[in-house]
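Undergrad: the following block contains a protein sequence and its predicted model.
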Amino acid sequence: MDINFDNLINLQKLDEEIKNISLNLEKIPSEIEEIDKKIEESARILSQTKEKLNHNQKKRRELEAEIQDFKEKTLKYKRQLNEVKTNKEYSFLLKEIEEAQKKFDELEEQIISEMLLADDIEEEIKVISQNTITTKEKFSQKKDTLYKKKGETEEEKKKLSQKKDELTLKIPAYQINLYKKIFRGKNGIALSPVRDEFCSICHMRIRPQMLNELRTENNIHLCENCGRILYLPKKNN
């Protein structure tokens, strides 16, 4: 039975286009997921920096509470100086006051250090906050672009699938069944053009008798090596 190779060739082209479009569609969700991760990472860095500031403020409150304790101890020791009756007790209290004052000075230095650190962290938060806003805007635009691309690609795939359905109706059932069988088993390539007496896909040399049949007949011939449908391309191909 005669075979219209043009229809099968066009079917192969449509399948290749649909396959490529499907591969592109499969990539989009992972690309969107990657964008979401970058947005989340930016927000996470901001959250961590704010947590640093919270920790700093908590530490300052603890230091201030310690200072208050030492202030009260120093005042208590000073009051007791007026009540002691021996030099030993007086010397002991002086030493306690000196130690308390020393600790008080150390704590004040720590508070100043924490206050300077807080200034740095607040400045860091400002920079990161702005970067987070910028990052979110940039990647949100990319997401919108990807969603738009996804919609357009799905529409294109739909149109190609409709063309394929229309073309399939023009091809005899046995040819379609053979084509589908080879298509599934040969990585989506069911047809192979013969160029310079060789199968273009597997590069197997075609026997002279089969070459002659391809030139004189309009029937299906399969490559004896890879099993694909052979055809002679037109001169302008």
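TA: Received it, and whenever you're ready, just let me know what you need.

Undergrad: next secondary structure after the longest strand belonging to the chain?
TA: Selection of the longest strand in the chain by residue count, based on DSSP state E, yields strand 191-195. Once the chain leaves strand 191-195, the next helix or strand it forms, by DSSP states H and E, is strand 198-199.

Undergrad: tell me what the very next helix or strand once past that following strand is packed against?
TA: Next along the chain after strand 198-199, taking DSSP H and E as the criterion, comes helix 208-216. Applying 3 or more CB pairs under 8 Å, 6 or more residues apart in numbering; DSSP states H and E, one finds that helix 208-216 makes contact with strand 229-231. Yep, even glycine has a C-beta here, placed from its N, CA and C like the rest.

Undergrad: just how off-centre is the strand it packs on within its chain?
TA: 42 Å (CA atoms, centre = their mean, to the nearest Å).

Undergrad: by contact count, what packs against it?
TA: helix 5-81, helix 173-185, strand 191-195, helix 208-216.

Undergrad: go again using 7 Å as the cut-off
TA: Here strand 229-231 is seen to pack against helix 5-81, strand 191-195 when contacts are counted using 3 or more CB pairs under 7 Å, 6 or more residues apart in numbering; DSSP states H and E.

Undergrad: dump those into a markdown table; add distance to Lys158 and mean neighbour count as well.
TA: Below are these laid out as a markdown table (distance: least, CB to CB, whole Å; neighbours: other CB atoms under 10 Å):
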| stretch | distance to Lys158 | mean neighbour count |
| --- | --- | --- |
| helix 5-81 | 10 | 14 |
| strand 191-195 | 24 | 19 |
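
Undergrad: now these as a markdown table including distance to Leu167 and mean pLDDT?
TA: Formatted as a markdown table, the helices and strands packed on strand 229-231 follow (distance: least, CB to CB, whole Å; pLDDT from 0 to 100):
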| stretch | distance to Leu167 | mean pLDDT |
| --- | --- | --- |
| helix 5-81 | 6 | 92 |
| strand 191-195 | 14 | 95 |
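
Undergrad: please parse the protein into its domains.
TA: 5-171, 174-231 (automatic domain parsing).

Undergrad: could you tell me the end-to-end distance of the shortest one?
TA: Domain 174-231 has an end-to-end distance of 17 Å (criterion: CA to CA, to the nearest Å).

Undergrad: next one: Arg79 from Leu93, what distance?
TA: Distance of Arg79 to Leu93, given as CB to CB, to the nearest Å: 10 Å.

Undergrad: check this structure for its longest helix and report it.
TA: helix 87-168 (DSSP state H).

Undergrad: now do that one, average pLDDT.
TA: Averaging pLDDT along helix 87-168 yields 93.

Undergrad: which strands and helices sit next to it?
TA: helix 5-81.

Undergrad: list the helices and strands the helix it packs on packs on?
TA: Partner elements for helix 5-81 (3+ CB pairs under 7 Å, 6+ apart): helix 87-168, helix 173-185, strand 191-195, strand 229-231.

Undergrad: quick one, that helix and strand 191-195 angle?
TA: Counting by axes from the mean of the first three to the mean of the last three CA atoms, to 10 degrees, helix 5-81 lies at 120 degrees to strand 191-195.

Undergrad: how far out from the middle of the chain is helix 5-81?
TA: Relative to where its chain is centred, helix 5-81 has its mean C-alpha point 14 Å off (CA atoms, centre = their mean).

Undergrad: Phe8 reaches Tyr179, doesn't it?
TA: For the record, residue 8 is Leu, not Phe. Yes. With contact defined as CB atoms under 7 Å, Leu8 reaches Tyr179; the gap is 6.2 Å.

Undergrad: quick one: residues contacting the spatially most central residue of the chain.
TA: With distances taken as CA atoms, centre = their mean, the chain has Glu34 as the residue nearest its mean C-alpha position (1.7 Å). When the contact criterion is CB atoms under 7 Å, 6 or more residues apart in numbering, Glu34 has no partners at all.
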